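>>> okay, predicted coordinates and the sequence, questions at the end:
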Amino acid sequence: MNARTPNTAPMRDAVWIHDQIVPAGEPWMGTVTAGQLLRIVDLEGNQAVDTLFYNARGTEERYSAVDTIRAQGNIYLTTGSALRSNLGATMLTIVEDTCGRHDTLGGACSAESNAVRYALEKRHMHSCRDNFLLALAQHDGQLDKRDLPSNINFFMNVPVTPEGGLEFADGISAAGRYVQLRAHMDVLVLISNCPQLNNPCNAYNPTPIQILIRAAG
């Protein structure tokens with residue numbers, strides 16, 4: 001664990017049982033138990049954080065973008081949003097959000113999307129899908145590429161055009177902004193601190209994030 005003293009007043013007042021810096025472009029995987037708080041901090045601003053959640057007691061239940069969007073009637077996430085599973089249960093709720101909006105539609109970058117969106121020679125650049133697969137391979141061998149549903153992109157700005165298309169736009173986050181979630185079940189958290197260099201989601205410069213977990217209560 002890379003310990004770091006949180007740098008905002010709300011953080012200093014809290015007792016964090018886990019405090020880790022995830023380097024630019026790297027994956028992270030960990031468990032948050034029911035009642036605990038998970039805070040993801042955009043340390044330098046405009047860093048996309050691709051995230052998936054699984055029921056830690058049965059990973060066949062996992063975050064569902066479709067069920068979440070349907071239940072809240074909104075394609076963006078912010079304070080009050082309940083993240084639903086593919087079984088319709090509330091996995092986590094966003095209880096604080098100093099960014100204001102998070103993407104549910106843009107998906108995770110991959111070798112294939114790098115080639116299609118940018119250029120064939122970009123195919124082999126590091127991607128979030130690579131990060132997800134690396135973290136899963138290092139976990140317990142029970143999850144693989146078939147277990148990667150559509151993810152959340154925390155801090156990422158993906159507006160929908162009047163024609164119904166998606167745009168990868170400049171971020172609306174800034175240094176020190178965070179999203180905080182309360183777990184309603186034991187959840188396995190899978191994060192790719194996005195390595196993307198080809199669109200504005202990271203301001204063309206991937207940067208570290210901070211992961212904090214606070215005890216229930």
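That came in fine, so what should we check first?

>>> mind naming the longest helix for this structure?
If each helix of the chain is counted by residues according to DSSP state H, the longest one is helix 128-137.

>>> what residues of the following helix or strand past that one count as buried?
Of the helices and strands lying after helix 128-137 in sequence (DSSP states H and E), the nearest is strand 152-154. Using 16 or more other Cβ atoms under 10 Å as the burial criterion, the residues of strand 152-154 that qualify are I152, N153, F154. All C-beta spots, glycine's among them, are computed from the backbone N, C-alpha and C.

>>> hmm, Y63 and L87 touching each other?
No: L87 lies out of contact with Y63 (Cβ atoms under 8 Å); the separation is 10.9 Å.

>>> any idea of the mean pLDDT in stretch 192-206?
Averaged across stretch 192-206, the pLDDT comes to 85.

>>> follow-up on the earlier one: of L87 and Y63, which one has the most company?
Y63 (25 against 13; other Cβ atoms under 10 Å).

>>> surely the more buried one touches F53?
Yes: with contact defined as Cβ under 8 Å, Y63 reaches F53; the gap is 4.2 Å.

>>> report the set of residues contacting both of the two.
The contact sets of Y63 and F53 overlap at L83, S85, M91 (Cβ atoms under 8 Å, 6 or more residues apart in numbering).

>>> how close does M185 sit to D97?
Per Cβ to Cβ, to the nearest Å, M185 is found 21 Å from D97.

>>> ok, what's across the strand from D19?
L212 (DSSP bridges).

>>> pLDDT weak spots in the protein?
Scanning the chain for pLDDT under 70 picks out the ranges 1-14, 110-125, 141, 217.

>>> and the helices in it?
Counting by DSSP H, the chain has helices at residues 9-12, 65-72, 111-117, 128-137.

>>> what comes up buried for the last one?
Right, the one you point to is helix 128-137. C128, R129, D130, N131, F132, L133, A135, L136.

>>> am I right that the first one is in contact with A108?
Yes: contact criterion Cβ under 8 Å: C128 and A108 qualify, at 3.8 Å.

>>> now do the shared contacts for these two.
D50, N151, S192.

>>> can you tell me which of those is nearest G73?
Set against G73, the nearest of the shared contacts of C128 and A108 by Cβ to Cβ is N151 (20.3 Å).

>>> look up phi and psi at that closest one.
Dihedral pair for N151: phi -100, psi 170, per degrees, to the nearest 10.

>>> so who does it touch?
D50, T51, L52, Y63, A65, G107, A108, C128.

>>> likewise for G58?
Shown in contact with G58 (Cβ under 8 Å, 6+ apart): no residues.

>>> do Y204 as well
Counting by Cβ under 8 Å, 6+ apart, Y204 touches L197, N198.

>>> before we move on, what about the one 10 residues further on?
R214 sits next to A14, V15, W16, I17, Q36, L37, R39 when contact means Cβ under 8 Å, 6+ apart.

>>> let's go with 10 Å and repeat that
Going by Cβ atoms under 10 Å, 6 or more residues apart in numbering, R214 touches 11, 14-19, 32, 35-39, 180, 182.

>>> any idea what P27 is bridged to?
Beta-bridge partners for P27, by DSSP bridges, are S192.
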